[in-house]
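[1] The sequence and its predicted three-dimensional model are supplied below.
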Protein chains: 2
Amino acid sequence: MKIIIDTYGVDDGIKIPIEGAISALKEKDFVPVFSGDKEKIEKIIDGRIKSYEIIDAKDKIENNEDPVKAIRRKKDSTMVKAFEKLNEDGYDGLVSAGSTGAILASGLFISGRIKGIKRACIATSLPTYENTTLLLDTGANMDCKAEFLKEFAIMGSVFAKNVLHIENPTVSLLNVGIEEHKGNKLAKETYKLLEESSINFKGNIEARDLFTGKTNIVIADGFDGNIAIKTAEGVISLFSKEIKDAIYKSFSTKIGGALIKNSLKENLSKYNSDSIGGAPLLGVNQYVYKAHGNSNEKAFSSAILGLIDYVNTNTIEKIKGELE
Amino acid sequence: MKIIIDTYGVDDGIKIPIEGAISALKEKDFVPVFSGDKEKIEKIIDGRIKSYEIIDAKDKIENNEDPVKAIRRKKDSTMVKAFEKLNEDGYDGLVSAGSTGAILASGLFISGRIKGIKRACIATSLPTYENTTLLLDTGANMDCKAEFLKEFAIMGSVFAKNVLHIENPTVSLLNVGIEEHKGNKLAKETYKLLEESSINFKGNIEARDLFTGKTNIVIADGFDGNIAIKTAEGVISLFSKEIKDAIYKSFSTKIGGALIKNSLKENLSKYNSDSIGGAPLLGVNQYVYKAHGNSNEKAFSSAILGLIDYVNTNTIEKIKGELE
């Protein structure tokens, strides 16, 4: 299996995706195909990978660029060249930590939309107290229509069944209250569409239940889904800081901290974004994974491993089947 | 000062608002005016309050009712009678843990909107690592227009200055990225309006910075603001559970837990909703506070004390001044 790795887009630089690939190779067999500055890439690899390819690309797409214009103009960028290579035979999946907008635009214009799908979306797996909840969309689509959210529900159901191995996954709609009449215009319209559909719809869910494991899939507009995951990130980072402060307060709290440190780490590590690493872009004709811009080596390695699992499930063909 | 207390709407029953009032009376001097079942209220008070009034009301507005219809039909409800009493001379403020929609509808139709304000909103104080960030709207308005969000920014600025004592408070817009072009149609339009306004606008903020204290005021559509605070509630409750589990895992973790328990409590208690208690409904002609439905005695007491502070600042007159 050949996995294309966009080496640009990680805050901490090109070293992270390469070290992430080296680390992922210890777990799974694949051929990494690095898109980026050939010289720099080879210098970092330094003979440590037996079999790999390089797509030599010097140009970069930045986060603050208009995504559609950027992918049209920057034909020599690491991202555009990576997506073009993905269309060639023998290349199986692509992971990038670059601009979400540019990944979406590349997915739509270079890989192409799945026939019957109007909007591609990003599906993030949230760790919960008991299991995992898939939230989609988490940022690809602003200003959604109800029919887009219905597509997210269908694609999320196929993904949850095939990649997360959940039989008949439950789908809930992110809303401000559980009652059917609650929410904005979009939520009310989506509720009706989902209720009439064949998916396993369980009604509205409030954001406080995103992490209780009450449902397998939560559907949201990309704006709201993004607000939810970033709020969660903010609170997790806040609590980590407060716990650290509480432990370093005095001599006895430091001893207490030493006694519970491992136990706390064990319980809280699953909420660390490193363990998740990335999220699939669903709705396009290729296997594309978005990694975090702030990824470290472990997070990028998790993203690659997640992408490999995703490629192995043949999910795109199954989504096509579901739409027929 | 006379504070009207709607005794209906708390999950744990009528006892909570009354005990909350008794507890608040130990901190501040006021005359509680209870709206609800006279007999039951007097039985619970049982001679423990010297000076109080009762608005005898038997009917109740439920969370699942259509708010506007409910306040029109249920003239004998605890909420409608409370809001009507608030219009009489000598009554200063009102607190209710009832349906947010019904409180909003009562505020708009019984208290009346402040002239020049198109939408009333709920302003929630979020505890952050360093100080407090005011988030508004947190659930009163679904489907907002940019001009409503501009009103929230103006009202939030007056509230932050007068009630939270922040000179020239900074205002940020909740968005999916910090760049000006990011977000949905509403966010882009609001960005322009805020930039042109006289408020101290600092641009977009991502949800992960809601708890870092980076800005004094965050403006959001009521749907998104609600998603943000409920996501935060969910993560806080999840982490509390995981910390407890980590402490109860073994003999040594229990000892460790005993050593850091007080320190942890000290650092984390400010994120407990009991310490905040309630949030003002800004934009109406009376001082109205929304308490949590899941309030305990302490939370309801905090809500009453917050309301008294709010009444004392003459904020409504200052909002009117700002709009002129």
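    That came in fine, so what should we check first?

[2] and the stretch 51-200 of chain A, which of its residues are near chain B?
    Within the stretch 51-200 of chain A, the positions adjacent to chain B are A:63-64, A:66, A:128-129, A:139, A:142-143, A:174, A:176-177, A:179, A:181, A:183-185, A:187 by CB under 8 Å from any CB of the partner chain. C-beta coordinates here come from the backbone N, C-alpha and C atoms, glycine included.

[3] So which of the residues you listed belong to strands?
    residue A:174 (DSSP state E).

[4] now the residues of the stretch 51-200 of chain A next to chain B: which count as buried?
    A:63, A:128, A:129, A:139, A:142, A:174, A:176, A:177, A:183, A:184, A:187 (16 or more other CB atoms under 10 Å in any protein chain shown).

[5] The residue lying closest to the fourth one once chain neighbours are set aside: how many residues sit nearby?
    Nearest non-adjacent residue to residue A:139, counting by CB to CB, 6 or more residues apart in numbering or on different chains: residue A:226, 4.1 Å away. Other residues within reach of residue A:226, judged by other CB atoms under 10 Å in any protein chain shown, total 30.

[6] Quick one: mean pLDDT over the helix ranked longest in chain A.
    For chain A, the helix that runs over the most residues, judged by DSSP state H, is helix A:222-247. Averaged over helix A:222-247, pLDDT sits at 94.

[7] by contact count, what packs against that helix?
    On a contact count with 3 or more CB pairs under 8 Å, 6 or more residues apart in numbering or on different chains; DSSP states H and E, helix A:222-247 meets strand A:121-127, strand A:132-136, strand A:171-175, helix A:251-268, helix B:222-247, helix B:251-268.

[8] try it again with 6 Å
    Counting contacts by 3 or more CB pairs under 6 Å, 6 or more residues apart in numbering or on different chains; DSSP states H and E, helix A:222-247 is packed against helix B:222-247, helix B:251-268.

[9] For those, state which one has the densest average packing.
    Of the helices and strands packed on helix A:222-247, the one with the most neighbours on average (mean count of other CB atoms under 10 Å in any protein chain shown) is helix B:222-247, at a mean of 23.

[10] Let me know the angle separating it from helix A:222-247.
    Put simply, helix B:222-247 runs at 40 degrees to helix A:222-247, going by axes from the mean of the first three to the mean of the last three CA atoms, to 10 degrees.

[11] Show me the shaky parts of the stretch 101-250 of chain A.
    Counting by pLDDT under 70, the stretch 101-250 of chain A contains no low-confidence residues.

[12] Could you point out which of the helices and strands packed on helix A:222-247 sits nearest residue B:102?
    Taking CB to CB, helix B:222-247 is the member of the helices and strands packed on helix A:222-247 nearest to residue B:102, at 15.0 Å.

[13] In the record's domain split, what are the boundaries for chain A?
    For chain A, the TED database gives the domain ranges A:1-117+A:283-323, A:121-273.

[14] still on that earlier bit, want to throw the helices and strands packed on helix A:222-247 into a markdown table with distance to residue B:114?
    Supplementary listing: these in a markdown table, determined by distance: least, CB to CB, whole Å:
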| stretch | distance to residue B:114 |
| --- | --- |
| helix B:222-247 | 18 |
| helix B:251-268 | 37 |
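
[15] pLDDT score assigned to residue A:274?
    So residue A:274 comes in at 66 (pLDDT).

[16] Would you pull up the residue in the stretch 1-150 of chain A closest to chain B?
    residue A:142 (3.8 Å; CB to the nearest CB).

[17] That residue touches residue B:184, doesn't it?
    Yes: checked against CB atoms under 6 Å, the pair residue A:142 and residue B:184 is within contact range at 3.8 Å.

[18] Now list whatever residues contact both of those two.
    residue A:223 (CB atoms under 6 Å, 6 or more residues apart in numbering or on different chains).

[19] Report the buried residues of the helix or strand residue A:147 falls within.
    Per DSSP states H and E: residue A:147 is located in helix A:146-162. Within helix A:146-162, the residues scored as buried using 16+ other CB under 10 Å are A:146, A:148-162.

[20] what's the closest of those residues to chain B?
    Among those, and counting by CB to the nearest CB, the member closest to chain B is residue A:148, at 12.8 Å.

[21] List the neighbours of the helix holding residue A:147 that are in contact with it.
    A:117-119, A:121, A:123, A:134, A:136-137, A:166, A:169, A:171, A:189-190, A:193-194, A:199, A:216-217, A:219, A:282, A:313, A:315, A:318-319, A:322.

[22] Tell me which of those residues fall in strands.
    A:121, A:123, A:134, A:136, A:171, A:217, A:219, A:282.

[23] Spatially central, which residue of chain A would that be?
    Taking CA atoms, centre = their mean, the centroid of chain A lies closest to residue A:279, which sits 1.4 Å from it.

[24] Would you confirm that that residue contacts residue A:288?
    No: contact between residue A:279 and residue A:288 fails when scored by CB under 6 Å: they sit 9.9 Å apart.

[25] Give the full set of residues in contact with residue A:89.
    Per CB under 6 Å, 6+ apart, neighbours of residue A:89: none.

[26] I'd like the distance between it and residue A:2.
    Applying CB to CB, to the nearest Å, the value for residue A:89 to residue A:2 is 10 Å.

[27] Ok, residue A:319 next?
    Residue A:319 is 22 Å from residue A:2, by CB to CB.

[28] okay, stretch A:260-268 in PDB with CA atoms only?
    Output for stretch A:260-268, consisting of C-alpha atoms alone and laid out as PDB, is shown next (Å, rounded to 0.1, in the frame of the first residue of the first chain):
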ATOM      1  CA  ILE A 260      -1.800   9.200  41.200                       C
ATOM      2  CA  LYS A 261       0.200  10.400  38.200                       C
ATOM      3  CA  ASN A 262       0.200   7.100  36.300                       C
ATOM      4  CA  SER A 263      -3.400   6.400  37.100                       C
ATOM      5  CA  LEU A 264      -4.400   9.900  35.900                       C
ATOM      6  CA  LYS A 265      -2.400   9.600  32.700                       C
ATOM      7  CA  GLU A 266      -4.000   6.200  32.000                       C
ATOM      8  CA  ASN A 267      -7.500   7.700  32.300                       C
ATOM      9  CA  LEU A 268      -6.900  11.000  30.600                       C
END
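
[29] For that stretch, which outside residues touch it?
    Residues contacting stretch A:260-268 (CB under 6 Å, 6+ apart): B:242, B:245, B:246, B:247, B:249, B:253, B:256, B:257.

[30] again, 10 Å this time
    Identification of contacts with stretch A:260-268 by CB atoms under 10 Å, 6 or more residues apart in numbering or on different chains yields A:127, A:129, A:236, A:239-240, A:243, A:247, A:257, A:272, B:238-239, B:241-250, B:252-260, B:264.

[31] Residue A:234 and residue A:86: what is the separation?
    Note on residue A:234: its distance to residue A:86, by CB to CB, is 34 Å.

[32] ok, now residue A:163?
    19 Å.

[33] Just want to know which of the two has more residues nearby.
    Between residue A:163 and residue A:86, residue A:86 has the larger neighbour count (other CB under 10 Å), namely 25 against 20.

[34] Quick check: closest non-adjacent residue to residue A:30.
    residue A:1 (4.6 Å).

[35] Wait, that neighbour touches residue A:92, no?
    Yes: contact between residue A:1 and residue A:92 holds when scored by CB atoms under 10 Å: they sit 4.9 Å apart.

[36] which neighbours do these two share?
    Shared contacts of residue A:1 and residue A:92 (CB under 10 Å, 6+ apart): A:30, A:31, A:307, A:308, A:311, A:312.

[37] and those residues, which are buried?
    A:30, A:31, A:307, A:308, A:311.

[38] Now render those as TSV, adding pLDDT and secondary structure.
    Below are these laid out as TSV (pLDDT from 0 to 100; DSSP: H, G, I helix; E, B strand; the rest coil):
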residue	pLDDT	secondary structure
A:30	98	coil
A:31	98	strand
A:307	96	helix
A:308	96	helix
A:311	96	helix
